[in-house]
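A.B. asks: requesting a structural model of the entry that follows:
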Amino acid sequence: MDNKSFRKDHRSRRRNNFNNSPREKSEENRVMHKCGICQQDIQDLSTAIALPEAAAPAHFDCVINKIKEGENLGKKEQVVYLGSGAFGIVENNSASQTPNFKIIKKISFEEHDDMPEWRKQLIKLKI
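C.D. replies: Residues are numbered from 1 along each chain as shown. Sure thing, here's the model as predicted:
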């Protein structure tokens, strides 16, 4: 093999990642989690919220809908994510483009005492 052919072959292998470290886990090694509310597959586990009773993952939208079902929302009220596993019921009083809202109720949804195993695995993959 001449030098030109070797370089061309080497670039092709590097670009296509032949027999090098895998760029993405194969489908058979990937664990699919089911939503603890709707029982559908969770495609992006990084957006999941841990259910308080079982620490099972749930779709973000399913959690929002579950909170809405359990609360009696007023006309100008809505459920929003506040961060760190907490949701809130806010009242929007803005008549213009400038947001003007107040938090009526804070709902701590995720428990921070013990991190669920699925989230620990997700953190390991991100590092």
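
A.B. asks: contacts, neighbours, all on C-alpha from now
C.D. replies: Will do.

A.B. asks: could you pull out the strands for this structure?
C.D. replies: All strands of the chain, identified by DSSP state E, fall at 33-34, 41-42, 49-50, 57-58, 77-83, 86-92, 101-108.

A.B. asks: quick check: buried residues in the longest one?
C.D. replies: Across strand 101-108, burial judged by 16 or more other CA atoms under 10 Å covers residue 103.

A.B. asks: how distant is it from the center of its chain?
C.D. replies: 22 Å (CA atoms, centre = their mean, to the nearest Å).

A.B. asks: what angle sits between it and strand 86-92?
C.D. replies: With axes from the mean of the first three to the mean of the last three CA atoms, to 10 degrees as the basis, strand 101-108 and strand 86-92 are set at 160 degrees to each other.

A.B. asks: partner strands of strand 101-108, with direction?
C.D. replies: strand 86-92 (antiparallel) (DSSP bridges).

A.B. asks: residues contacting the partner strand, please?
C.D. replies: The contact list for strand 86-92, computed with CA atoms under 8 Å, 6 or more residues apart in numbering, reads 76-82, 99-110.
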